[in-house]
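# coords please:
(2 chains)
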Amino acid sequence: MVTAQNVSRWYGQVIGLNDITCEIGPGITALLGMNGAGKTTLIRLITGQLRPTTGDLRVFGEEPFANPNVYRRLGYCPEIDNFYEHYTGREFVKFLARLDGLSKADSKSRTEEVLEMVGMADRADRKIAGYSKGMRQRIKLAQAMLHNPDMILLDEPLNGLDPVGRREFIDILGALANQGKAILVSSHILFEVEQMTRSLLLLHRGRLLATGDLGVIRSLIDKHPHQIRIETSEPRKAAALLASLPNIVSMKFDRSGDSIQLEVREPDSFYDALAKAVLESDLNLRGFSSPDNNLESVFKYLVEA
Amino acid sequence: MASSPIADLTYRNYDGPLDPPVNRWWAIAKMSMRLSTKKKGFWVWASLSTFWYLILLAVFYFAETTATATTALGQGNPFFKNIVWKDQFLNAFSVSQLFMLILALLLGAGTIANDNRANALLVYLSKPCSKLDYVIGKWLGIFVPLTLVAAVPTLLFYVYCLLSYRSYGFLTQDPWLILRLLGMVMLPGFFHASATLGVSSLFQQGRLAGATYSALYFFGLFFTKAMQTVIFVNGPMGGESTAPPIVKSLYYCSIDGIQIGLAKIFLHTDGSQLFPGSMPVGVRFAIEAPSAVVFVPAFFGICGVFMLLAWSRIRAVEVVG
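Got it, this is the predicted structure:
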């Protein structure tokens, strides 16, 4: 549905996207990157709000910039949500249904339908100004689904949703993907994305760092030593135990003396072995954390790789 | 409907027709107008803008009731015999200019600025509507309400005069008056819609855009009044002013000046005193109409520049911070 060939986008002297080549097809694809990575720029290029400075971008085989034929097949759920505070949710969605090209009667019935789908039908007569972040996310999704688009782009859609709402939102995206639609979701939270899809585009400082299956990217990450911190009241006993486990690269005691810093390869197999060992030796563990389990570390590994 | 926040996870496709991507501007215009008419201020200022017609009605009523004796003798009411009807419309139009400005600020100052601030353009322009749809829609969203505010009292007053004063030459003085009036009532809407749209596109806050447009208006008004003083100082009472012709043209170089000048051109009049007989005979109250050759293109040129400015400034840019 989307093909990008060496696409770059400059904002004056600043580069927003740098030589991106990728393809996006049906199903959920996550666009992962930290703030300023170029996620929003890529989404705006696909939605035809920006023109690539160099390279070739095609959406449904056409150039998307200022192309209503492409817009008609896209649904866009932007990150921002502070628009039209004085409209009610129902008015807002209905207005955008008219902009999408639905007739007056259809826009009314379709508005009710999508509001019900996102669980806002009973709250849509309140002004948007009084909506919570989660309600705004739902209204934005509703307007993006109005005209049955082939592709829906969502910019940080899970921001502000509570865990239950998040789960439900992910489920509805899954339902849309099962219909054969392409769903592009941008996020900067790896954990969030893992719940949604295995297909990733990883952006970092405007460059496409990795693309493909999450498992492949994970294994690439796992080849690098992974930092793990273990807090215990018996550090020496713990160290003796841990030294016997596979994949340990290095080990050192904290100055406070109640924790150990480890570097391990293949962390998943290490975690399995650790759990077993702890149970067998009755080791007293107070805490367990991995400072590397964040996106920044992922990028660091990938850049080094 | 279930009580769950997301009730139905089954995605239902819309398989109805989608209109081709034309006339999106009308959806934008309608939404803007609906928003305008929801504002209390719109109705308050729109009502106040009719006050000159109400004064005229009161004056006409008193002129009729106090002159019944002469009317009874079959000589007709001298007040109505001397009246230049189209000038009454021109006067009402001139007097309503300030109210039109206030309405324009209310409806137009924030029209793009607030969208810029809220990043609403991201949503608009990701739909199958173009920048042109957006500009035209927003323009109509200001133009239509302003034109209606100017047109409704004007046409009501026209109908009242037509029914009441045909014997005093209301229809025979200028049979085409209704068409001229229809042209005149569109002027404020046309100018203010274009100008506020252009100014609004420069800002990300409606208040700043409004303040800038007000400053433009009052600066122009000050200039106009200065020119008026020059004209009247050089032969104010009766005789033709000896001020150079350029001064008379400069008199119309302001936001309301250009509209009044064009209204004079449309109505084919230089204007006259507010009430007939309120000035000594021979006194020239009004400043002659400007040159149509210069002012008609100037009017549409200025409006075009503002529209072009708006069009060039509109882009889906996210406000940072």
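# burial count for A:Glu91?
19 (other CB atoms under 10 Å in any protein chain shown). Any C-beta I mention is one placed from the backbone N, CA and C, and that applies to glycine too.
# Give the rounded mean pLDDT of the helix or strand it falls within.
Here A:Glu91, judged by DSSP states H and E, is contained in helix A:89-100. Averaging pLDDT along helix A:89-100 gives 89.
# Looks to me like A:Ile20 is in a helix.
No: read with DSSP: H, G, I helix; E, B strand; the rest coil, A:Ile20 is strand and lies in no helix.
# Measure how buried it is and give me the count.
So A:Ile20, with other CB under 10 Å, has 24 neighbours.
# So what sits opposite it in the bridge?
Beta-bridge partners of A:Ile20, counted by DSSP bridges, are A:Val7.
# can I assume it is in contact with A:Ala4?
Yes: contact between A:Ile20 and A:Ala4 holds when scored by CB atoms under 8 Å: they sit 5.2 Å apart.
# Can you check which residues contact both of these two?
A:42, A:55 (CB atoms under 8 Å, 6 or more residues apart in numbering or on different chains).
# residues in contact with the residue nearest the centre of chain B?
Among the residues of chain B, the one closest to the centroid is B:Pro188, at 1.9 Å (CA atoms, centre = their mean). Counting by CB under 8 Å, 6+ apart, B:Pro188 touches B:96-97, B:100, B:104, B:146-147, B:150, B:259.
# which SS state does the residue of the stretch 151-300 of chain A found nearest chain B fall under?
Here the residue of the stretch 151-300 of chain A nearest chain B is A:Glu168; by CB to the nearest CB that distance is 3.9 Å. Following three-state DSSP, the label given to A:Glu168 is helix.
# Is it correct that it is in contact with A:Gly119?
Yes: between A:Glu168 and A:Gly119 there is a contact at 7.4 Å, judged by CB under 8 Å.
# More neighbours: which of the two?
A:Gly119 (25 against 21).
# Could you give the bridge partners of the residue nearest to the spatial centre of chain A?
The geometric centre of chain A, computed from its C-alpha atoms, lies nearest to A:Ser187 (CA atoms, centre = their mean), at 2.9 Å. Here A:Ser187 shows beta-bridge partners A:Leu32, assigned using DSSP bridges.
# Enumerate the residues of the stretch 101-250 of chain B near chain A.
By CB under 8 Å from any CB of the partner chain, the residues of the stretch 101-250 of chain B that approach chain A are B:115, B:118-120, B:122-131.
# Show me those that map onto helices.
B:115, B:118, B:122-124, B:131 (DSSP state H).
# And the next helix or strand past the host helix or strand of B:Ser94?
Using DSSP H and E, B:Ser94 falls within helix B:85-95. Next along the chain after helix B:85-95, taking DSSP H and E as the criterion, comes helix B:97-108.
# Now do that next one: distance to the chain's middle.
In this view, helix B:97-108 has its centroid 8 Å away from the chain centroid, taken as CA atoms, centre = their mean, to the nearest Å.
# related to what we said a few turns ago, got the phi/psi numbers for the residue nearest to the centre of chain B?
Backbone geometry at B:Pro188, expressed as degrees, to the nearest 10, gives phi -60, psi -40.
# Would you quantify the distance from it to B:Phe99?
For B:Pro188, the distance to B:Phe99 (CB to CB, to the nearest Å) stands at 9 Å.
# rewinding a little: with respect to per-residue confidence, which of the residues of the stretch 101-250 of chain B next to chain A is lowest?
For these, the pLDDT minimum is B:Asn119, 71.
# Correct me if wrong: that residue contacts A:Pro78.
Yes: using CB under 8 Å as the test, B:Asn119 is close enough to A:Pro78 to be in contact (7.1 Å).
# So which of those two has more stuff around it?
More crowded of B:Asn119 and A:Pro78, by other CB under 10 Å: A:Pro78, with 27 against 19.
# who touches that one in this structure?
By CB under 8 Å, 6+ apart, the contact list for A:Pro78 reads A:140, A:155, B:119, B:122-123, B:126.
# change it to 7 Å
A:140, A:155, B:122-123 (CB atoms under 7 Å, 6 or more residues apart in numbering or on different chains).
# repeat for A:Gly33
Contacts of A:Gly33 (CB under 7 Å, 6+ apart): A:39, A:188, A:202-204.
# In terms of pLDDT, where does A:Glu79 sit?
Listed pLDDT for A:Glu79 reads 80.
# ugh, wrong one, I meant A:Phe169
A:Phe169 is assigned 83 on the pLDDT scale.
# shouldn't it be in contact with A:Gly160?
No: counting by CB atoms under 7 Å, A:Phe169 does not reach A:Gly160; the two are 10.6 Å apart.
# Please tell me how far stretch A:53-72 is from the chain's geometric centre.
Chain-centre distance of stretch A:53-72: 23 Å, with CA atoms, centre = their mean.
# who wins for most neighbours among the contacts of B:Pro188?
That'd be B:Leu146 among the contacts of B:Pro188, by other CB under 10 Å, with 29 neighbours.
# Enumerate the residues of the stretch 1-150 of chain A near chain B.
Within the stretch 1-150 of chain A, the residues that sit near chain B (CB under 7 Å from any CB of the partner chain) are A:44, A:47, A:49, A:66, A:68, A:71-72, A:74, A:76, A:78, A:80, A:82-84, A:86, A:95-96, A:98-103, A:106, A:110, A:113, A:116-119, A:121-122, A:146-148.
# List the ones among those that fall in helices.
Using DSSP H, the residues of the stretch 1-150 of chain A next to chain B in helices are A:44, A:68, A:71, A:95-96, A:98-100, A:106, A:110, A:113, A:116-117.
# any idea which of these is closest to A:Arg286?
Among these, A:Met117 lies closest to A:Arg286 (CB to CB), at 46.0 Å.
# number of nearby residues for the closest one?
A:Met117 - counted by other CB under 10 Å - has 23 other residues nearby.
# and if you look at the one 5 residues further on?
By the other CB under 10 Å criterion, the neighbourhood of A:Asp122 contains 13 residues.
# Would you map the helices across chain A?
Counting by DSSP H, the helices of chain A are A:39-46, A:68-71, A:89-100, A:104-117, A:133-145, A:163-178, A:190-194, A:214-222, A:235-243, A:267-281, A:295-304.
# Among those, which comes closest to B:Met31?
Between B:Met31 and the helices of chain A, the tightest spacing by CB to CB is seen for helix A:89-100, at 4.9 Å.
# Who are the packing partners of that closest one?
helix A:104-117, helix A:133-145, helix B:24-37 (3 or more CB pairs under 7 Å, 6 or more residues apart in numbering or on different chains; DSSP states H and E).
# deepest of the ones you listed, which one?
helix A:133-145 (a mean of 24; mean count of other CB atoms under 10 Å in any protein chain shown).
# Can you list the neighbours in contact with that one?
With contact meaning CB under 7 Å, 6+ apart, helix A:133-145 is reached by A:75-78, A:81, A:89, A:92-93, A:96, A:114-115, A:117-120, A:123, A:128, A:131, A:152, A:157, A:159-162, A:165.
# For that helix, the averaged confidence score.
Helix A:133-145 comes out at a mean pLDDT of 87.
# Give me the distance from that helix to the chain's centre.
Centre to centre, stretch against its chain (CA atoms, centre = their mean), the figure for helix A:133-145 is 17 Å.
# Closest to B:Asn23 out of the contacts of A:Gly33?
A:Lys39 (33.8 Å).
# Enumerate every residue touching that closest one.
The contact partners of A:Lys39, taken as CB under 7 Å, 6+ apart, are A:31, A:33, A:186, A:203.
# now it: how far from chain B?
Plainly put, A:Lys39 is 12 Å away from chain B if you go by CB to the nearest CB, to the nearest Å.
# Just the pLDDT for that residue.
Looking at A:Lys39, the pLDDT reads 88.
# Without its sequence neighbours, what residue ends up closest to it?
Spatially, and ignoring its direct neighbours in sequence, A:Lys39 is nearest to A:Ser186 (4.1 Å; CB to CB, 6 or more residues apart in numbering or on different chains).
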